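Asks: Here is my input, please return the structure:
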Amino acid sequence: MFKRIVISVMLTSSLFIAAVRGQNAREIRGKVIDAATGKPLIGATVLLWPQGEGTATNHAGEFKLAGNKGSDSLLVRFMGYKTVHLAAASLSENARIALPAAHLLFRAVTITAKRGEAAPADIPAPVEAVSAGAPRLITKQNVGEAIAHMQSLFVKEYGGLSGLKTVTLRGASEGQVLVLQDGFRLNNPQGGWVDFNLIPMLGVESIELLRGGASAQYGSEAVGGIVHIRTLAPPAQFSPQAEYTLGSYGLGAARVKLGQRFGKFSGVAAYGQLRTDGNYPSGQTDPSELENNSLDKKDFYVRTDYDFSERFHVSAFHQNVQSDREVAGSLSFPSPQAVQDDDNRMTALLFNAQRGNLIDFTAQGSVQRLDQTYNNPDPFFPVASRHRVDSREVLLHNRSRAGNLDLLYGAELAHHEINSTDLAQPVRDQRSAFAQAEWRVNRVRNNTLMSLALLPALRYDDYSDAGARTTPKLSAVLKWERDLSLSVHGSAGKSFRVPAMNDLFWPSGPFVEGNPALLPEEGKQYDGGVLLQTSNDMGNWQIGFDVFRTDLKNLISWIPDENFRFSPQNIAAAKINGVEPSLTWRSANDHFNFRLGYAKTNAEDDSDDPAARGKKLLYRPEHKLDAIFSAQVFNATLGAAYQLVSERYVRQNNSLFLRGYRLVDLFGKYRFSLAEGYNVYLAGAVNNLFDKSIQVIEGYPAPGRELRVTLGVGR
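Replies: Here you go, the predicted structure:
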């Protein structure tokens, strides 16, 4: 009996081992990564060759397919990378397949749309990104200058380097555009908007622009979209850099950077100083030049990273911007003695831990202080004010992946205090929770990848002074990929903006009074688009076409009562729609680049007031066209940028408008290579080449022709 049992066990074990071996022979596993960075490639096609059947990699870059490991071969491809053909037998268990990059155009990844890295063809909204190291941006002195040529975004310019700079996006106002820095909010809760003149390029690595409502992911202000600034990361080796810029109207700017890595620790520190007289021609006979328009600015940035291991990472940065500027005022109401001092500080800490597919946890917190003093000793209307805004923010979120599902969920807490000569020290607390998912189905047949992704998102926000709000959004992306990639995306959702604290708490006086009963501004958004990516002998092409519609209500306007005392009320509404075609081309060797972005935006008043209904919203150009071309020859890069902006209405009844304008800029850079990776570079720019006299905002002339030259040395 015992002998029979032993024989049965041995026979069963042999059959089990044979079955396992047979199963292993019929199953091929692996992971597809970027050969340069080691990061997983999501959505790469893995085919059995020559059968043409296969699968696509998941969110971790992993794949599993049925095949004969002993005889089959694999073909692995991904847009922007060289195709790899290899024998399945050469793969070890869970092998990594590294794809070398082929084209820079299709390799660009952004993080804003999904709070994680994603390629353009997998994103349910149009995203544009620029690198701070691009030759075109070397002479730029603030983020407002750097983003001026981004599609559908309009920079409202109030006076050159020393003037205020705000933005509108897809017809949304400056307070309806969310500005982030490494995920932290920069919108000032007192006024709701951001002065991009006070964000230097010193500590910037890249800038992303997400077009379309995103309140379901990011909360208040994300009505028109998001401007996301990514801070400068520490280098992989010792990297000193110094540069000096000279320019028209008394511009002088110096920047110094120093970065180093010591094992698991790395850091970078930078300091910048800028001075300009700002006395450019006004376009008028009296005064012929702007007066009281100088700027002195000092910037400091430091960031440190520590990698405990591949899965545990800590990062911290501190930034300080000190700006002393004269305020010229408008041509109609000049302020020849007004000055404004700003001292903005931000300290942030980020921790990330990963374990398996279920834990990708991030905890980050920041402390900000915005301190502004304004003094205008005008004999008739003297003004002396000071505003200090203290903000604290904590953001927690985790990403879990299981099969075809990617789930992100988290919470956000914020506290704001205002100490102002104009307000009675108001306080705002924010408590938010959010979740967003991505469910993706991939199918590979006949050498073709087809995928469908559904992306629902939901967010709950509770403000101590503006009540609670729940914001949903549903997006979808359908992608077809073979020799080219074609993706179709669409989304529908809601967005909102809480009232600025100035609107809520402005003290009662003989002429103005705040309104603590204000409701948040609300919007409904619908947008969709198509993105085509392809390569041929003529180069690499990316063609996009997007359409959008936004319906806004409860818009806040300051109106007078029967005693002619102004206060904010939720009385306005708007309808905004538009189209955004774009074309990007890179030559096969990436030496020649061209981008064309056009936006047609129809932004109309939809309020009940018959005198305003159907009128165009103020300072929303109907047409905006941006074109940028650059060519790299040996160590030199030369290029030109063209911008067309149509007329902007400056009166609510549309009785007055500013003329449209066309501007041409030139830029270039030449690099001299030295020993041990060091180089000297010379960059230059001519802004407003044809010396056009324009006013972007009524009464605030923009600079004429402007020359800038930068000389730098670094590694």
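Asks: End to end on stretch 289-301, go ahead and measure it.
Replies: Terminal residues of stretch 289-301 are spaced 34 Å apart (CA to CA, to the nearest Å).
Asks: Helix, strand, or coil at the spatially most central residue of the chain?
Replies: By CA atoms, centre = their mean, the chain has its centre lying nearest to Glu208, at 2.4 Å. The three-state label given to Glu208 by DSSP: H, G, I helix; E, B strand; the rest coil is strand.
Asks: do the same with the one 5 residues further on
Replies: Using three-state DSSP as the criterion, the local structure at Gly213 reads coil.
Asks: Equivalent analysis for Asp342, please.
Replies: Quick answer, by three-state DSSP: Asp342 is strand.
Asks: Ser323 is in contact with that one, correct?
Replies: Yes: counting by CB atoms under 8 Å, Asp342 sits close enough to Ser323 to count as a contact (4.3 Å). C-beta here means a position set from N, CA and C on the backbone, and glycine is covered the same way.
Asks: Which neighbours do those two have in common?
Replies: Residues touching both Asp342 and Ser323 (CB atoms under 8 Å, 6 or more residues apart in numbering) are Leu198.
Asks: check contacts around Asp422.
Replies: With CB under 8 Å, 6+ apart, Asp422 has these contacts: Ser385, His387, Asn502, Trp506, Pro507.
Asks: a helix runs through it, doesn't it?
Replies: No: Asp422: not assigned to a helix; according to three-state DSSP it is coil.
Asks: Look up how far Arg388 lies from it.
Replies: Asp422 is 12 Å from Arg388, where distance means CB to CB, to the nearest Å.
Asks: likewise Gln217?
Replies: From Gln217 to Arg388 the distance is 30 Å (CB to CB).
Asks: who has more neighbours, these two?
Replies: Neighbour totals were compared for Gln217 and Arg388, and Gln217 leads with 25 against 17 (other CB atoms under 10 Å).
Asks: excluding its backbone neighbours, what's nearest that one?
Replies: Ala457 (5.4 Å; CB to CB, 6 or more residues apart in numbering).
Asks: buried residues in the one helix or strand Arg671 maps to?
Replies: Here Arg671, judged by DSSP states H and E, is contained in strand 661-673. For strand 661-673, a neighbour-count test (16 or more other CB atoms under 10 Å) marks Tyr661, Leu663, Asp665, Phe667, Gly668, Lys669, Tyr670, Arg671 as buried.
Asks: Please name the strands paired to that strand in the sheet, noting orientation.
Replies: strand 636-645 (antiparallel), strand 679-687 (antiparallel) (DSSP bridges).
Asks: Please convert the ones you listed to CSV, extending it with mean neighbour count.
Replies: Formatted as CSV, the strands paired with strand 661-673 follow (neighbours: other CB atoms under 10 Å):
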stretch, mean neighbour count
strand 636-645, 18
strand 679-687, 19
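Asks: would you list these in a markdown table and tack on mean pLDDT?
Replies: Formatted as a markdown table, those follow (pLDDT from 0 to 100):
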| stretch | mean pLDDT |
| --- | --- |
| strand 636-645 | 97 |
| strand 679-687 | 97 |
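Asks: In CSV: these, plus distance to Asp461.
Replies: CSV is the format used below for the strands paired with strand 661-673 (distance: least, CB to CB, whole Å):
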stretch, distance to Asp461
strand 636-645, 34
strand 679-687, 41
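Asks: So for Thr304, which of those sits nearest?
Replies: With CB to CB, the closest approach to Thr304 among these belongs to strand 679-687: 25.8 Å.
Asks: roughly how far is stretch 169-176 from the heart of the chain?
Replies: 15 Å (CA atoms, centre = their mean, to the nearest Å).
Asks: coming back round to it: which ones among the contacts of Asp422 are found in helices?
Replies: Asn502 (DSSP state H).
Asks: Please indicate which of the contacts of Asp422 are buried?
Replies: His387, Asn502, Trp506.
Asks: what separates the last one from Pro568, distance-wise?
Replies: Plainly put, Trp506 is 8 Å away from Pro568 if you go by CB to CB.
Asks: Ok, the first one next?
Replies: The gap separating His387 from Pro568 is 18 Å, by CB to CB.
Asks: for the chain, what are the low-confidence residue spans?
Replies: Residue ranges of the chain with pLDDT under 70: 1-26, 69-71, 103-107.
Asks: Domains in it, by residue range?
Replies: The chain resolves into domains spanning 24-102, 227-714 when parsed by automatic domain parsing.
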